[in-house]
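Novice: Just a sequence and a predicted model for now, questions to come.
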Amino acid sequence: MQSPLPHLALRCPLPSGAALVACRGLTRFFGATAALRQLDLELPPGYLLALFGANGAGKSTLLRIVAGALRPSAGEVTVAGAPWGSAAARGAAGLLAHESWLHPSLTVAENLAYYATLYGLAAGAAAEALARARGERLARLRVGELSQGMRQKAALARCLLHTPRVLLLDEPFASLDRATVAELQATLQELRGAGLLLIASTHTEDLIAGLADGWARLERGRLVAASPGLAAEAEA
Amino acid sequence: MKPGVHTASALAGRAPAPAAAPARPRPSAWRVLWATARRDLRLELRERDAANAMLFYGLLVIVIFSFAFTAEAQLTLRVGGGLLWVAFLFAGLLALDRAFLREAANDCLAGLIASPAPRAALLAGKFAATAAMMLMVEAVLLPLFAVIFNAPPAARWGGIVLTVLLGTWALAANGTYFSALGTHARQRTLLLPLLLLPVAVPAIIAMVQATQVFLAGSGGAEFWLKLLLGYDVIFTALGVVLADAVLEAE
């Protein structure tokens, strides 16, 4: 029999009293399996939260829900004050997922130009996003021909295209070499400095430790531990 | 309790104040529709996996039936409508299957769903690209059918082309909807015709009957064309209304 887990609510002290991402009682089922159970959290702008947990702990599920790619089964989620599923909430978040969300038969520029249309932006936004992700030279290359590191940069450009206020990163350092990791770390630092809220899930704790403002650990869909000052015991 | 930290119940009592959000542009439905259709056609032009298979399949049906039936004008009058739509329908199923299967690469569908683009415009863009692909293949198959089956000289080709346009609209509108619905299904290739064909029966009857009338060159096909147009309008409207549910179906 599995031991009962602690149930914590996660809330960062909000300097201006405004949460950029807020979840209350967030629950998600896949069939009969609960991937997230009654998750409560509030996070402010200009903050980098590292999310730890074993495979299947619910990290990716949480990020996909906040990004608007997955519907919650129960609970409330707001992004930049807008309710989950609204165009405003979707437009305020960007997710760097396991997959790039870029079609392999199109060039990076073609993919980004299409996403620019989906977000109501001019095609010129693609070049700006590539510059912010330090990937200008990738524009004419087909996504299917990119290396893992290049693909990660192109995907980051896709996330930054619409200047999101919340950037969600699912295993951002996976399969990257040291130089690319360092470059990505520098980019994340810049983005946090620019006032974005970043939530990064990772198994490689040492790569995010120096960057993160706080951390939280998920286990079997529950928040079970967090950095000091970030969590409190939730009431049943 | 530590300062600045609240329990879940305390959180529940106080909704977080929304951070001031900068005004964001709203994606235009027409631009999304056009961009989606153009992107899908560009992908098809590069990959050519649907068009080649459609053309091959359509040709195969016409040629095999030409072995079975002698190329007599009288016979064409009796079976031509059905035969033509068998070729178009099964070739079309290949295009419809690809419409959303294409988005499985690198999980592109998640990118579409997570964007603020109007769902109806995304679905309509997919419909437009699929219909265009079907029409291009049909434009090759129709003259071949006329030659191989020795179409009667009295045949009214304007009417046949109109029927093809309306029939393709019907199949593409319905098929795009069901293709999206079956995206995550394990047996999606089987699921698409299983869902589409029963629902499309009234349209298929109208297509075949109208084509028969126009091949014969006499008689009225107004009823069948009106039925087909009504079907098109109803199922296009349903697709628009149910786009959210269809694209986020799991």
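Specialist: Great, that's in hand.

Novice: Show me the shaky parts of the chain.
Specialist: No chain was given, so I picked chain A. Where chain A drops to pLDDT under 70, the residues are A:1-7, A:12-17, A:231-236.

Novice: The intended chain is chain B.
Specialist: Applying pLDDT under 70 to chain B picks out residues B:1-24, B:71-73, B:76.

Novice: let's see 90
Specialist: For chain B, applying pLDDT under 90 flags the ranges B:1-27, B:47-50, B:64-81, B:148-155, B:180-193, B:195, B:215-221, B:244-250.

Novice: quick one, strands of it?
Specialist: Taking DSSP state E as the criterion, chain B contains strands spanning B:17-18.

Novice: Kindly report the same for chain A.
Specialist: A:8-11, A:18-19, A:21-30, A:33-43, A:48-52, A:74-79, A:82-83, A:93-96, A:166-170, A:197-201, A:214-219, A:222-226, A:231-233.

Novice: could you show me where the helices are in chain B, in order?
Specialist: Under the criterion DSSP state H, chain B contains helices at B:8-13, B:29-47, B:49-68, B:73-101, B:108-114, B:119-148, B:157-181, B:188-216, B:222-241, B:243-247.

Novice: Let's have these in a markdown table, adding distance to chain A and mean neighbour count.
Specialist: Every C-beta, even on glycine, is put in place using the N, C-alpha and C of the backbone. Output for the helices of chain B, formatted as a markdown table (distance: least, C-beta to the nearest C-beta, whole Å; neighbours: other C-beta atoms under 10 Å in any protein chain shown):
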| stretch | distance to chain A | mean neighbour count |
| --- | --- | --- |
| helix B:8-13 | 4 | 16 |
| helix B:29-47 | 4 | 19 |
| helix B:49-68 | 10 | 17 |
| helix B:73-101 | 12 | 21 |
| helix B:108-114 | 3 | 23 |
| helix B:119-148 | 8 | 21 |
| helix B:157-181 | 15 | 23 |
| helix B:188-216 | 19 | 19 |
| helix B:222-241 | 17 | 17 |
| helix B:243-247 | 9 | 17 |
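
Novice: give the contact list for A:Leu112.
Specialist: A:125-126, A:129-130, A:154, A:157-158, A:161 (C-beta atoms under 8 Å, 6 or more residues apart in numbering or on different chains).

Novice: ugh, wrong one, I meant B:Ala155
Specialist: B:146, B:214-217.

Novice: right, and A:Arg132 touches A:Leu160 too?
Specialist: Yes - judged on C-beta atoms under 8 Å, A:Arg132 makes contact with A:Leu160 at a distance of 5.0 Å.

Novice: Against which helices or strands is the longest helix seen in chain A packed?
Specialist: Identified as the longest helix of chain A according to DSSP H is helix A:178-193. Helices and strands touching helix A:178-193, as assessed by 3 or more C-beta pairs under 8 Å, 6 or more residues apart in numbering or on different chains; DSSP states H and E, comprise helix A:148-160, strand A:197-201.

Novice: Run the angle between that helix and strand A:197-201 for me.
Specialist: Helix A:178-193 and strand A:197-201 are oriented at 140 degrees to each other (axes from the mean of the first three to the mean of the last three C-alpha atoms, to 10 degrees).

Novice: who's in contact with helix A:178-193?
Specialist: A:46-48, A:132-134, A:149, A:152-153, A:156, A:160, A:167, A:169, A:172-173, A:176, A:198, A:200, A:207, A:210-211, A:213.

Novice: what's the angle between it and strand A:48-52?
Specialist: Using the same axes, to 10 degrees: helix A:178-193 against strand A:48-52 is 130 degrees.

Novice: Show me which positions of helix A:178-193 end up buried.
Specialist: Going by neighbour count (16 or more other C-beta atoms under 10 Å in any protein chain shown), the buried part of helix A:178-193 is A:180-181, A:183-185, A:187-188, A:191-192.

Novice: Using CSV, write out the CA atom coordinates for that helix.
Specialist: Extracted C-alpha coordinates of helix A:178-193, given in CSV (Å, rounded to 0.1, in the frame of the first residue of the first chain):
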residue,chain,number,x,y,z
ARG,A,178,27.3,21.9,-22.5
ALA,A,179,27.7,24.9,-24.8
THR,A,180,24.0,24.8,-25.7
VAL,A,181,23.0,24.4,-22.1
ALA,A,182,25.0,27.4,-21.1
GLU,A,183,23.4,29.4,-23.9
LEU,A,184,19.9,28.4,-22.9
GLN,A,185,20.7,29.2,-19.3
ALA,A,186,21.8,32.7,-20.3
THR,A,187,18.6,33.1,-22.4
LEU,A,188,16.4,32.0,-19.4
GLN,A,189,18.2,34.5,-17.1
GLU,A,190,17.5,37.3,-19.6
LEU,A,191,13.9,36.4,-19.9
ARG,A,192,13.4,36.2,-16.1
GLY,A,193,15.1,39.6,-15.9
